[in-house]
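Engineer: quick one, fold the following:
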Amino acid sequence: MSEDHLEAERKYRAPALEKGLDVLELLAARGEPMTPSQMSVALGRSVSELFRMIQVLEFRGYIEQSGGTYSLSNRLFTLGLARAPTRNLTELALPQMKALAEDVTQSCHLVVPTDDQIVVIARVEAPGDLGYSVRVGYRRNLIEATSGLLFYGLAGPVARAALHARLEAAFGVQRVRRFVAAASAAGAAGHAVRPSDFVRGVTDLAAPILGPDGIEATLIIPYIDRTPPTPPAEAVLQRMLEVTAALSDDLGAPPVAPRPRSQPA
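Structural biologist: Numbering: from 1, shown residues only. Next up is the predicted model:
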């Protein structure tokens, strides 16, 4: 490395800022609360090095403390929503989501990818007193999420290769192999249907929203087979696909050949 390069690296480093960013990135990657001691081990830094960073991040509202552990707040998520592309997508989707929720009497969520996770950026709850939904800002690893099947299955070759490497390093070859098979099937079908692994009796229905460069987001409905009868899952899925096709068209996605109607699994 040349002397000029070393000098430039020294000039533009900000150690305190780097420590703070390390904490935020660690909490985002782990997706669960951590103690300062756990952060210290994971980052290879002493607790005393991280103590002031943790205090400042908590004071500024980027992390939250509960029972001696820290987790990300929604502040970064809120800042992300202020970005024009995400804000425009939400503004575009919400009226359609409200109409969809009314039509099918189910909750509806707008989901986007962030690295190897998914995050819910908008939701519309089911009309009436009964429904199932998750909070805005909810995150989950892509390999565990029904929407993740579409984000992988409809990704371009370069993005898919990078994502595959990250998932394999985190979850192992066998689990990723099973995920890839399911994601490929979902990508070919143009939608994903899977029983919820959180709540018995709930089936996740997911449909992609496409843009000029590929998949941008998904709509997902945690479908509940209610009494009195509501539209069957097949009808809800077809209505979702109509909505996501319209949103994709609004975003400038290239036209795709129509797929045959299919029965949810």
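
Engineer: now the strands for the stretch 101-250 of the chain?
Structural biologist: 108-114, 117-124, 139-141, 192-195, 202-211, 214-224 (DSSP state E, counting those that start in this stretch).

Engineer: buried sites along the fourth one?
Structural biologist: If I follow you right, that is strand 192-195. By neighbour count with 16 or more other CB atoms under 10 Å, strand 192-195 contains the buried residues 192-194. Yep, even glycine has a C-beta here, placed from its N, CA and C like the rest.

Engineer: could you measure from the nearest residue to Val119 once chain neighbours are set aside over to Phe151?
Structural biologist: Excluding its sequence neighbours, the residue lying closest to Val119 (CB to CB, 6 or more residues apart in numbering) is Arg139, at 4.9 Å. The gap separating Arg139 from Phe151 is 13 Å, by CB to CB, to the nearest Å.

Engineer: higher neighbour count, those two?
Structural biologist: A count of neighbours by other CB atoms under 10 Å puts Phe151 above the other of Arg139 and Phe151, at 30 against 16.

Engineer: doesn't Pro113 make contact with the more buried one?
Structural biologist: Yes. Phe151 lies in contact with Pro113 (CB atoms under 8 Å); the separation is 4.6 Å.

Engineer: quick one: low-confidence parts of the protein?
Structural biologist: Applying pLDDT under 70 to the chain flags the ranges 1-13, 74, 76-87, 228-229, 255-265.

Engineer: okay, now the domains of the protein?
Structural biologist: 3-73, 83-250 (automatic domain parsing).

Engineer: okay, now Ser73: neighbour count?
Structural biologist: 17.

Engineer: got it, and Ala169?
Structural biologist: By other CB under 10 Å, the residues close to Ala169 number 10.

Engineer: contacting residues for it?
Structural biologist: By CB atoms under 8 Å, 6 or more residues apart in numbering, the contact list for Ala169 is empty.

Engineer: next: Thr105.
Structural biologist: Going by CB under 8 Å, 6+ apart, Thr105 touches 126-128, 226, 230-231.

Engineer: please redo it, this time with the cut-off set to 6 Å
Structural biologist: Listed by CB atoms under 6 Å, 6 or more residues apart in numbering, the contact partners of Thr105 are 126-127, 230.

Engineer: and what of Ser73?
Structural biologist: Applying CB under 6 Å, 6+ apart, the residues contacting Ser73 are 61, 64.

Engineer: rerun at 7 Å
Structural biologist: Contact partners of Ser73, counting by CB atoms under 7 Å, 6 or more residues apart in numbering, are 61-64.

Engineer: top of those residues by neighbour count?
Structural biologist: Neighbour max across the contacts of Ser73 (other CB under 10 Å) = Ile63, 24 neighbours.

Engineer: on that earlier part again, now, which of the contacts of Ser73 lie within helices?
Structural biologist: Judged by DSSP state H, helices contain none of the contacts of Ser73.

Engineer: so of those residues, which ones are in strands?
Structural biologist: If you go by DSSP state E, the contacts of Ser73 have 63-64 in strands.

Engineer: turn the contacts of Ser73 into JSON lines, including distance to Ile221.
Structural biologist: As requested, these are exported to JSON lines (distance: CB to CB, whole Å):
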{"residue": "Gly61", "distance to Ile221": "32"}
{"residue": "Tyr62", "distance to Ile221": "32"}
{"residue": "Ile63", "distance to Ile221": "32"}
{"residue": "Glu64", "distance to Ile221": "30"}
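
Engineer: the residue positioned nearest the centre of the chain and Arg139, how far apart?
Structural biologist: By CA atoms, centre = their mean, the mean C-alpha position of the chain lies nearest to Ile118, the distance being 1.3 Å. Look at Ile118 and Arg139: by CB to CB, they are 7 Å apart.

Engineer: with Gly61 instead?
Structural biologist: Look at Gly61 and Arg139: by CB to CB, they are 18 Å apart.

Engineer: picking up where we left off before, turn the buried residues of strand 192-195 into CSV, columns for distance to Glu25.
Structural biologist: Output for these, formatted as CSV (distance: CB to CB, whole Å):
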residue, distance to Glu25
Ala192, 29
Val193, 34
Arg194, 30
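
Engineer: and of these, the nearest to Glu144?
Structural biologist: Using CB to CB, Arg194 is the member of these that lies nearest Glu144, at 10.9 Å.
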